[in-house]
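Asker: need the 3D shape of this:
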Amino acid sequence: MITSRDNEKLKLIRKLADRKHRRREGLFAAEGEDLVEAAAAAGVEAEFVLRAGEDVEQDLLDAVSTLGSGSRVIGVYRRPRPAAAPGPVLYLHEVGDPGNVGTIVRSADALVGGSILLGPGCADPYGPKAVRASMGSIFRMAIEQGGPDGLPQPVVGLVARGGTPFDDEPVGTLMVGSERAGLPDDLAQRCDRLWTIPLREGVESLNVAAAAALALGRISSAAP
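Answerer: Sure, this is the predicted structure:
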């Protein structure tokens, strides 16, 4: 039983709250029974798991938790490298909110499979908020970082205005832009088609994660 806040495992969990340490160590933390169980179900082994009352005192685990209410279990994992499932590539550009990134990972896993390519300016999918929002999909989805060159064709861009409603044509890549600015013009010009989600009068926009989920749902329903 860990009884000191100076324990090396607790020190590591504290460090993993910072993106540069996650990148340097190649590790991330997942908090809560649901995420630890999701990792096990995906066949992802933990570097270690700390359970309150079994491996560590509750107050010490709470002290390293990123949840306001504390945590009963925290697992530390090496970044998984699952093979891409069949399906389109989802390219994200400057999606900077980690909750949106995690939610999009979850939607892609649930609806189309495929893989996710994170372009410039995207939040770290292995940060605490993104990992929680993914609800375990972070352990199953193939996620890489890169640019927009060489994306599978045809490329469909999701834009707030100027596109057409969803169609049933094939999609090799779905390209989604930032929360505020959307998809920049230079990326929109690379697309073979542009999709716009029709909104009710007086509604300006959708949250990027909600918009991505609607588009992924359309791709899923149109798949043969």
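
Asker: from now on I want contacts and neighbour counts done on CA atoms only, so please keep to that.
Answerer: Noted.

Asker: so who does Asn100 touch?
Answerer: Residues counted as contacts of Asn100 (C-alpha atoms under 8 Å, 6 or more residues apart in numbering) are 130, 133, 208-209.

Asker: what about 6 Å?
Answerer: By C-alpha atoms under 6 Å, 6 or more residues apart in numbering, the residues touching Asn100 are Ala209.

Asker: outline the domain layout of this structure.
Answerer: The chain is divided into the following domains under automatic domain parsing: 8-78, 89-222.

Asker: any chance of these in a markdown table, plus mean pLDDT?
Answerer: What follows is the domains of the chain, written out as a markdown table (pLDDT from 0 to 100):
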| stretch | mean pLDDT |
| --- | --- |
| domain 8-78 | 95 |
| domain 89-222 | 95 |
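
Asker: most packed of these?
Answerer: Mean neighbour count (mean count of other C-alpha atoms under 10 Å) peaks for domain 89-222 among the domains of the chain, with a mean of 19.

Asker: now the domains of the chain in CSV, with distance to Met1?
Answerer: Output for the domains of the chain, formatted as CSV (distance: least, C-alpha to C-alpha, whole Å):
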stretch, distance to Met1
domain 8-78, 5
domain 89-222, 25
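
Asker: which residues of this protein fall in helices?
Answerer: For the chain, the helices defined by DSSP state H occupy 8-15, 19-25, 33-41, 58-64, 98-111, 128-134, 185-188, 208-222.
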